[in-house]
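[1] coordinates only, sequence not included:
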């Protein structure tokens, strides 16, 4: 382990401890909410790092499967606790928010970092384009139940069945496309493992268990905190959960862009969005069958529209074949406006 | 004629005979509906084959014109009989369904067939891209009256006039772009005629007359059959009519992809979608002026949205420049979800 | 000055004089409206020519800034007078209309002119693609408040705040991207100044003052004229103001395409659309704070949808990498259908 790893582990430990304190001494919900969000962000980063270390040991095919299964663990915990509390709107927003945060916000930051450091960046990897194409298709599939509901078709009264069909299609597609997506990794040289297997397993286990606990505190504080802040539940899911649970991990994509490897950066960032759509979403729809409130794919209409806009923008900027920091700035600008339009709780 | 041609002719003959029996002995509507759909699919294939044979005799410029005029004959018959019975919803769905079935479902099958057989396929024909671009533009034009109606603009009370203007523009564009689209054929070497002129004319005439009769039985059985099945009228048009009347003919596109000629495959498949938008649709709008119920281009909102989504997806996958079978699988997955969302009649 | 310049100046002078006469003798509003529209179109062309002359004197970086600031002067005057009269719908339509007119209508004319004269035109400038990408992003940002309002989110009751945030983001993005857009000019060799500095300043001042007066007469006649014609206020803004105030200036883009310089043509035409979105729109939103009626970015829903469709089409045709006159014809066809759908005032 490097010194930096040790620092990250310590920061995570401290953040979890502070969040725990806030939770158990019944600090104001806003404080607990903020601290828990920070702790989750750091734990998500550790889970990501640990699965990557595990990946570099087991060979790249299994690595992809492991990363898909474990990489989304923090988001999965938050979603499960939120479902148990009946906060389906938060879960829906967090799912859509992960796709939007990755394809617009994180990609924008990567373009800015890459552009300021290396000037105009060209990328022409067929892989990057393929992943963008798959994300567009996934977003279109995800949007169908909502669009169907929004225009009051007869399917509107069958939203649960339609959501299950949709989730079934997405889940099947995940298994069909998994080998192809795994192959994506093969095209980039993997880095050798820096951590021993023991350390990796301990960090993964610890961060996973920590994420489970902190997610519980986070979800408990969510409703009173958002009310106190005047923030909508959708904003909490779309922006806070999405960034805490997923996007921070993608700091690695931003770093890759800064190191002038734009093709790899785009693949990593967009792949993450794709996994949320193809794996996490159907898993949660099926899991919700065991809860009192079931999760459907009938999102608030604007969420589905923003998902389609984000996928559209993603395709346009990736197919463009070049990025500049100005393009990154406009991507971030779009994200700011979308976030603003969901801020108000009333 | 090859042995395969004889088999296809025989199958078509048997299917027509069986459908006729079902119709005249008043079998259950569901049975008649299913048999007539199969017979139409086979007749559509024969009409396609015969116009192609005719085309290889008359030189490729006239061939394109003949194919445009005669290739859509089965769909035209169904639409005319349906209009006479006032089933405008079925006609609207069938028109939109042809575009969606070609640009999503048939293209997806072509990518799967091509990908499983030949691995990753590259295509970079400017022609394929041009046809995709024209399809996007046509879909956008077709969607305007519906969108206008859906958001309650003042044009909503002028939907018939707006539809006629729209149809006039599409029809004009068809004649303007016809020479350019004909030239598409020139870039692919035409195959020599396999059938004698006599055989060609007899097959074309026979299949045409057959299609007219079977279309009548199909449309008569449609309403009771869909009610018995719990299927919506939109589903019957969007999926059943679109696949029976049009998409099966495009099996040739799937075969081309399997034979590793992806550029040609895409051109054939998408050109078919384009002709429905630029020719069949305006012709039916004008023809409906002679019927009791007029056909407008104000579709159910979700149909127009799915048309735009399909055109968007088409552009993304064609511009991508590569296809894999995974991409094909996701295209088919999208088609399944769209179909499911239109299934319910109530 | 060339003979052609003198002719243009004289035509503009005569048109202003005739429009003034119509205004002061209280001719029928329809006549005044039409004459003022023609005069504005000609003045807009002169302002464009004069800013270009000024640009070729001051070096290309300052030239871009000057062009951005002064090139939209006629539209700015119309918008300000219309805002003062409370005609916010006209202003909103004119802003959206400028983007649509440039990216669809003028681009279509350029493709037709270029295609008929030079056959299939290839363009592959990364600059053209970058500007198209930025336009897509700008359109997406502009559409968010309207979409948010249309689906009745909680942000609907905060439309003024959301519009100001949106305008702030756009304005910031304008200043961030300005240097990059200026650099666009660098890649094309600038033409030497044809006019002396004195002539340039006099023409610019004269045309600017003229535009201010004529805009006032135009806006005064607008309401009675549109009522007399049965034309909607939206149509007046979307089509008449957009073409008079902006698109005619882009005749230069059409000429460039005819001279077989498609990359430059696309950059000029689309850059103009981009400036309306990034500069003119936020400036007017902020300026409206000083008027009785404030301008929000909550457009009539169909306007925002057409803006997105136009941006989508723009991206598709620019990324295509080739243009033919048939493609141009379909672009114009789309514009005609959009115009028709906004024609009716009731």
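    That came in fine, so what should we check first? These numbers come from a predicted model, not from an experiment. Numbering: from 1, shown residues only, chains lettered A, B, ... in the order given.

[2] where in the stretch 1-150 of chain A is pLDDT low?
    In the predicted model, the stretch 1-150 of chain A carries pLDDT under 70 at residues A:58-65, A:67-68.

[3] those residues of it touching chain C, which are they?
    Proximity of the stretch 1-150 of chain A to chain C, by CB under 8 Å from any CB of the partner chain, involves residues A:120, A:150. (Each C-beta comes from the backbone N, C-alpha and C, glycine too.)

[4] and the strands in the stretch 1-150 of chain A?
    Under the criterion DSSP state E, counting those that start in this stretch, strands of the stretch 1-150 of chain A are mapped to A:121-122.

[5] how about it: which residue is closest to chain C?
    Taking CB to the nearest CB, chain C has its nearest neighbour within the stretch 1-150 of chain A at residue A:150, 7.2 Å off.

[6] distance of residue A:158 relative to residue B:305?
    Between residue A:158 and residue B:305 the computed distance is 18 Å (CB to CB, to the nearest Å).

[7] more neighbours: which of these two?
    Shown here are residue A:158 and residue B:305; by other CB atoms under 10 Å in any protein chain shown, residue B:305 has more neighbours (23 against 20).

[8] show me the contacts for that one.
    Applying CB atoms under 8 Å, 6 or more residues apart in numbering or on different chains, we find residue B:305 in contact with A:147, A:151, B:143.

[9] ok, those vs residue A:294, which is closest?
    residue A:147 (19.9 Å; CB to CB).

[10] circling back to that earlier point, as CSV, the contacts of residue B:305 with neighbour count and distance to residue C:119 would be great.
    Converted to CSV, the contacts of residue B:305 look like this (neighbours: other CB atoms under 10 Å in any protein chain shown; distance: CB to CB, whole Å):
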residue, neighbour count, distance to residue C:119
A:147, 24, 41
A:151, 17, 44
B:143, 26, 31
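
[11] in helices, which of those fall?
    For those, membership in helices holds for A:147, B:143, with DSSP state H as the criterion.

[12] circling back to that earlier point, in contact with the residue of the stretch 1-150 of chain A closest to chain C, which residues?
    A:301, A:304, C:151.

[13] so the strand or helix carrying the second one versus helix C:301-320, what angle?
    In this case it means residue A:304. Residue A:304 belongs to helix A:301-320 when assigned by DSSP states H and E. Going by axes from the mean of the first three to the mean of the last three CA atoms, to 10 degrees, helix A:301-320 is angled at 20 degrees with respect to helix C:301-320.

[14] I'd like the next helix or strand past helix A:301-320.
    strand A:322-323.

[15] nearest to residue B:340 among the contacts of residue B:305?
    The nearest member of these to residue B:340, counting by CB to CB, is residue A:147 at 13.0 Å.

[16] grab the nearest non-local neighbour of that closest one.
    Closest residue to residue A:147 apart from its sequence neighbours, by CB to CB, 6 or more residues apart in numbering or on different chains: residue B:305 at 5.5 Å.

[17] grab the nearest non-local neighbour of the residue of the stretch 151-300 of chain A found nearest chain C.
    Closest approach between the stretch 151-300 of chain A and chain C, counting by CB to the nearest CB: residue A:232, at 6.2 Å. Nearest residue to residue A:232, sequence neighbours excluded (CB to CB, 6+ apart): residue A:345, at 3.9 Å.

[18] my guess is that neighbour meets residue A:227, correct?
    Yes. The criterion here is CB atoms under 8 Å, and residue A:345 meets it with residue A:227 at 7.1 Å.

[19] what does the stretch 151-300 of chain A put close to chain B?
    Within the stretch 151-300 of chain A, the residues that sit near chain B (CB under 8 Å from any CB) are A:151, A:153-155, A:157-158, A:162, A:165-166, A:169-170, A:172-173, A:176-177, A:180.

[20] now with 6 Å, please.
    Selection of the stretch 151-300 of chain A residues close to chain B by CB under 6 Å from any CB of the partner chain yields A:151, A:153-155, A:158, A:162, A:165-166, A:169, A:173, A:176-177, A:180.

[21] now, of those residues, which are buried?
    Buried by 16 or more other CB atoms under 10 Å in any protein chain shown: A:151, A:153-155, A:158, A:162, A:165-166, A:169, A:173, A:176-177, A:180, out of those.

[22] skipping adjacent residues, who's closest to residue A:212 in space?
    Once flanking residues are discounted, residue A:212 sits nearest to residue A:77: 4.9 Å by CB to CB, 6+ apart.

[23] what about that neighbour, neighbour count?
    24.

[24] just residue A:112 next, same as before
    Using other CB under 10 Å, residue A:112 is surrounded by 23 other residues.

[25] can you count the residues close to the closest residue to it other than its chain neighbours?
    Spatially, and ignoring its direct neighbours in sequence, residue A:112 is nearest to residue A:328 (3.7 Å; CB to CB, 6+ apart). Residues lying near residue A:328 (other CB under 10 Å) number 23.

[26] my guess is residue A:262 contacts residue A:120. True?
    No. Taking CB atoms under 6 Å as the definition, residue A:262 is not a contact partner of residue A:120, at 10.2 Å.

[27] so for these two, which sits in the more crowded spot?
    Comparing residue A:262 with residue A:120 by other CB under 10 Å, the one with more neighbours is residue A:262, at 25 against 15.

[28] contact partners for that one?
    By CB atoms under 6 Å, 6 or more residues apart in numbering or on different chains, the contact set of residue A:262 is A:114, A:121, A:123.

[29] who wins for neighbours among those?
    Most neighbours among the contacts of residue A:262, by other CB under 10 Å: residue A:114, with 28 neighbours.

[30] gap between that one and residue A:98?
    22 Å.

[31] got it, and residue A:177?
    Using CB to CB, residue A:177 is found at 18 Å from residue A:98.

[32] do the same with residue A:221
    Counting by CB to CB, the separation of residue A:221 from residue A:98 is 21 Å.

[33] count the neighbours of residue A:210 for me.
    24.

[34] ugh, wrong one, I meant residue A:24
    When neighbours are counted by other CB under 10 Å, residue A:24 registers 10.

[35] cool, residue A:205 as well?
    Neighbours of residue A:205 under the rule other CB under 10 Å: 11.

[36] go on, residue A:255?
    As a burial measure, residue A:255 scores 15 neighbours (other CB under 10 Å).

[37] which helix or strand contains it?
    Counting by DSSP H and E, residue A:255 is part of helix A:251-258.

[38] give me the buried positions along the very next helix or strand once past that helix.
    Moving toward the C-terminus from helix A:251-258, the next helix or strand (DSSP H and E) is helix A:262-275. Residues A:262-275 are the ones in helix A:262-275 that count as buried (16+ other CB under 10 Å).

[39] now the residues you listed in TSV, with pLDDT?
    As requested, the buried residues of helix A:262-275 are exported to TSV (pLDDT from 0 to 100):
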residue	pLDDT
A:262	83
A:263	81
A:264	79
A:265	81
A:266	83
A:267	79
A:268	78
A:269	83
A:270	83
A:271	82
A:272	81
A:273	84
A:274	86
A:275	86
